[in-house]
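[1] structural data only, the sequence is not supplied:
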């Protein structure tokens, strides 16, 4: 029951801000359940796949997804998803936690201080079909980084994708969350399969994780549509800091 509740909360918040929920769930697996880094990453991807599937479906119904950009990101992310899973089994636990915490805090600080300024002058999300968004070549290159982070840390890749969309595209905040979920859906299953082949996935926990991901995805997506852009960005920053602190606390 506790695992389902944690997966549900992580899924709601992850879908709401487009990060996939792993940025909350991986620290839970590491801090409270004692999972090894590779097993935490692989098991988290069970939640990520379920969460991104339900969340992306909801966003697609509301026409918030920039499908072409999402497909280009996925194209670059498929091969690196395999590489990330292979690197995860070779990373020491302390290095895994500290590196992840530093990344989370760095992104959170940048979002908190700079994101609202970068949102100025962006088009309304109702006009997303008219927006090129970003270079498709850049989207493929970004996808490679996304796939690596997705499998290495079990985050789904949104930790890099959301800030990158914010800084290097013209997409509004709600389209950023939606397109991120869509790209995560296309890349994360490859990492999950690779982790499974390496025996890094705790399949005994698959049912509560899947249920939490499937239920939380649509809830988070609908909450996202009701919030203004600044609120979404603040939610991202606060969530990242909380996750980072929990990882560092493990080694104090």
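    Cool, the structure landed. Quick caveat: nothing in here was measured; it's all calculated off a predicted structure. Numbering: from 1, shown residues only.
[2] residue 63 in helix, strand or coil?
    When classified by DSSP: H, G, I helix; E, B strand; the rest coil, residue 63 comes out as coil.
[3] quick check, residue 38 in contact with residue 87.
    No. Using CB atoms under 8 Å, residue 38 is not in contact with residue 87; the gap is 9.1 Å. Backbone N, C-alpha and C define where each C-beta goes, glycine included.
[4] show me which of the two is the more surrounded one.
    Using other CB atoms under 10 Å as the criterion, residue 38 and residue 87 rank with residue 38 on top: 25 against 15.
[5] which SS class is that one?
    Under three-state DSSP, residue 38 comes out as helix.
[6] helices along the protein, start to end?
    For the chain, the helices defined by DSSP state H occupy 2-17, 22-31, 37-61, 67-88, 93-119, 136-153, 158-168, 173-197, 206-226, 229-249.
[7] helix 93-119 and the last one, what's the angle between them?
    If I follow you right, that is helix 229-249. 160 degrees (axes from the mean of the first three to the mean of the last three CA atoms, to 10 degrees).
[8] for the stretch 51-200 of the chain, which spans come out with low pLDDT?
    The model of the stretch 51-200 of the chain has pLDDT under 70 over residues 111, 114-133, 173.
[9] how about the protein, which residue sits the furthest from its center?
    Relative to the centre of the chain, and counting by CA atoms, centre = their mean, the farthest-placed residue is residue 252 at 26.6 Å.
[10] check it and give its pLDDT.
    Per-residue confidence (pLDDT) for residue 252: 71.
[11] how near is it to residue 93?
    Distance, residue 252 to residue 93, using CB to CB, to the nearest Å: 14 Å.
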